[in-house]
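1. Below: sequence and its predicted model.
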Amino acid sequence: MRTSFLVPVFAALCCTAYAVDATVPLTVPSADKKASITLQLGEKWKTSASKDGSTTIDIPMSGVHIEVWALSQASVEEAEKQAAELIKGYVTKFKVTETKPITVAGAPGKQVTGTGEEADDGDPSNADVYFFSVEGKVFMLCAHGEGDGSVKNRPLIATLLASVKKEGH
């Protein structure tokens, strides 16, 4: 009797783990449209194009908002200096609290962390802004949320950034 009970439970756990691991690609073209990157998204995540040229990634019940952009800046360093201006449509009054190096797709990048206010309603917000370059094309991913939404989701964002590949590779 115990064995018959455990088999369905074990099968359900295996299927649940598989569903979490299933991904779908999101392709983001560079600002000049001469190259693109691919990120792997969870299969239940939703995407939409925003008026500012970013792609919004909605992760149900995560408490974080994510946008990814292709930038026209020539370098990660140039883009990093413009972080507050680049995200003002989502987070206003952005004040940098920490900057640290990251690696995305084998290349150096920057994570800029800070606080501000949600642009839509003025609520206090935290934001993590990731700048990276793939084959000379600069991209930005902004994860923000009220309270500690971006902080709680850093492991998820790290997985998303680890999935970045040059399109076609």
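-> The structure has been received and is ready for your questions. Numbers count the residues shown, from 1 in each chain.

2. Residue 127 contacts residue 118, doesn't it?
-> No. Residue 127 is beyond contact range of residue 118, at 9.6 Å (criterion: CB atoms under 8 Å). All C-beta atoms are positioned from the backbone trio N, CA, C, and that covers glycine.

3. More neighbours: those two, which one.
-> Comparing residue 127 with residue 118 by other CB atoms under 10 Å, the one with more neighbours is residue 127, at 28 against 18.

4. Can you tell me the closest non-neighbouring residue to that one?
-> Spatial nearest neighbour of residue 127, excluding adjacent residues (CB to CB, 6 or more residues apart in numbering): residue 144 at 3.9 Å.

5. re the thing from before, anything in contact with each of residue 127 and residue 118?
-> 90, 91, 144 (CB atoms under 8 Å, 6 or more residues apart in numbering).

6. What confidence value was assigned to the last one?
-> Yep, that's residue 144 we're talking about. Looking at residue 144, its pLDDT is 94.

7. Which secondary structure element is home to it?
-> strand 137-146 (DSSP states H and E).

8. Direction included, what does that strand pair against?
-> strand 65-70 (antiparallel), strand 124-134 (antiparallel) (DSSP bridges).

9. circling back: from memory the residue nearest to residue 127 sits against residue 124, does it?
-> No. Residue 144 is beyond contact range of residue 124, at 11.0 Å (criterion: CB under 8 Å).

10. count of neighbours near the residue nearest to residue 30 when sequence neighbours are not counted?
-> Spatial nearest neighbour of residue 30, chain neighbours left out: residue 137 (3.8 Å); criterion: CB to CB, 6+ apart. Applying other CB under 10 Å, we find 20 residues neighbouring residue 137.

11. related to what we said a few turns ago, can you put the strands paired with strand 137-146 in JSON lines and add mean pLDDT and distance to residue 102?
-> Below are the strands paired with strand 137-146 laid out as JSON lines (pLDDT from 0 to 100; distance: least, CB to CB, whole Å):
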{"stretch": "strand 65-70", "mean pLDDT": "95", "distance to residue 102": "15"}
{"stretch": "strand 124-134", "mean pLDDT": "96", "distance to residue 102": "6"}
